[in-house]
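>>> Predicted model and sequence follow; I will ask about them next.
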Amino acid sequence: MTVSKLPVHLAPLQGYTEAAYRNAHQIAFGGITTYYTPFVRLEKGNFRNKDVRDILPTNNRVEHLVPQLLANDLSKAESILALFIEHNYREVDINLGCPFPMIAKRHNGSGILPYPEEVKALLSIIEKHPDIDFTVKMRLGWEHPDECLALAEILNTLPLKHIAMHPRLGKQQYKGEVDLDGFAAFAEQCKHQLIYNGDIETIEDIERIQRQFPTLSGIMTGRGLLTNPALALEYTQGEKLSEEDYLKRLRELHKLVFEQYEKQIEGGDAQLLNKLKTFWEYLHPTIGNKNWKRINKSSSLDKYWQGVNQIDISSY
Ligand SMILES: Cc1cc2nc3c(=O)[nH]c(=O)nc-3n(C[C@H](O)[C@H](O)[C@H](O)COP(=O)(O)O)c2cc1C
């Protein structure tokens, strides 16, 4: 029996999956049905410039982009939503998953999950804007995996397009194993289309999760795609890229990423170089130590490009 391919969503990662990366990724690799912006939040009542720049339609070229908001109450969520609406977005993702302690301790992200009344108040934004398609990205809980079960009733009554669930607890951050039993328990309660997110690194991982949860409506991958930018493309095409094709696309990706950050980063070459190198941390396992070291040690943009152009991978 042939199993149909699931749509693959790119998880938002602050500092990585910014417009530069998203635009470049769709051109060089693709295979992603939906890209999300890292969360936009209010800082002392104002937007951060970089957040606004990241959602501006003029800076974004991917076919399907959904901006994400992070807030701990309705009024902040409304302010952020107004920014998205001003820029013509009609789909919005709500972050109920961020585990960073500074964020979570104020009941943002996964920090709100133990408080159903606060979640209900925040998510009342959904019924106030019937013209907007809302989605939620969440974890099992902050402290305990039952927290999402206590929220299922609230979530089930809302007209959500989907829920993306990362089956870890906020207090775990990114440590430990994903809790597939916790995911299964939530899936049983959840009446919405459900997307699985967490530690998807290979095509086999996608297929294993799809076998285990046959009613899933999608897969979301973040770090796995930064490590292998071809992951979604290879999964949807059903075959691996040749080494030559892979490297050509990888160089194209980083040429495009470079071109956008070169315009954007004002602190000179050193700052630009630091930004570019952060992407190669994730690519380290894919390109191996020798190739990675050349890039990571580069002290100038010339040396950086030498490193990128010299990458030689016999297997990945
Ligand atoms: C550096 C970093 C930044 C992240 N930023 C966001 C964010 O802005 N919004 C969000 O919903 N999740 C964010 N996440 C969580 C990811 O979207 C994703 O849920 C998590 O990494 C698990 O998926 P993965 O194992 O496929 O990476 C971030 C994760 C990391 C490691």
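Sure, I can see it.
>>> Which single residue in the stretch 101-250 of the chain comes nearest to the ligand?
Evaluated by C-beta to the nearest ligand atom, the stretch 101-250 of the chain has Gly222 as its residue closest to the ligand, separated by 3.0 Å. Every C-beta, even on glycine, is put in place using the N, C-alpha and C of the backbone.
>>> That residue contacts Asn197, correct?
Yes - counting by C-beta atoms under 8 Å, Asn197 is a contact partner of Gly222 at 7.3 Å.
>>> which of those two has more neighbours?
Asn197 (24 against 21; other C-beta atoms under 10 Å).
>>> isn't that one right up against Met220?
Yes - the pair Asn197 / Met220 is scored as a contact, 3.8 Å apart, by C-beta under 8 Å.
>>> ok, and the closest non-adjacent residue to the residue of the stretch 101-250 of the chain closest to the ligand?
Spatially, and ignoring its direct neighbours in sequence, Gly222 is nearest to Ala11 (3.2 Å; C-beta to C-beta, 6 or more residues apart in numbering).
>>> The one you found and the ligand, how far apart?
Plainly put, Ala11 is 3 Å away from the ligand if you go by C-beta to the nearest ligand atom, to the nearest Å.
>>> and that residue, how many neighbours?
Applying other C-beta under 10 Å, we find 25 residues neighbouring Ala11.
>>> if we can go back for a sec, shared neighbours, Asn197 and Met220?
Common contact partners of Asn197 and Met220 (C-beta atoms under 8 Å, 6 or more residues apart in numbering): 9, 11, 137, 164.
>>> before we move on, back to that, show the backbone phi and psi for the residue nearest to Gly222.
The phi and psi torsions at Ala11 (degrees, to the nearest 10) take the values phi -70, psi 150.
>>> Val119 versus that one, what's the distance?
In this view, Ala11 and Val119 are 21 Å apart by C-beta to C-beta, to the nearest Å.
>>> same deal with Asp146?
Remark: distance between Asp146 and Val119 (C-beta to C-beta) = 14 Å.
>>> Neighbour count for those two, which is higher?
Ranked by neighbour count (other C-beta under 10 Å), Asp146 and Val119 place Val119 first, with 23 against 14.
>>> I'd guessed that one sits against Ile94; true?
No - contact criterion C-beta under 8 Å: Val119 and Ile94 do not qualify, at 9.8 Å.
>>> Okay, domains of the chain per the record?
Using automatic domain parsing, the domain parsing of the chain gives 8-237, 243-309.
>>> Make TSV out of those and add mean pLDDT.
Shown next, in TSV, are these (pLDDT from 0 to 100):
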stretch	mean pLDDT
domain 8-237	98
domain 243-309	96
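>>> so Met165, which of the three states?
Following DSSP: H, G, I helix; E, B strand; the rest coil, Met165 is assigned to strand.
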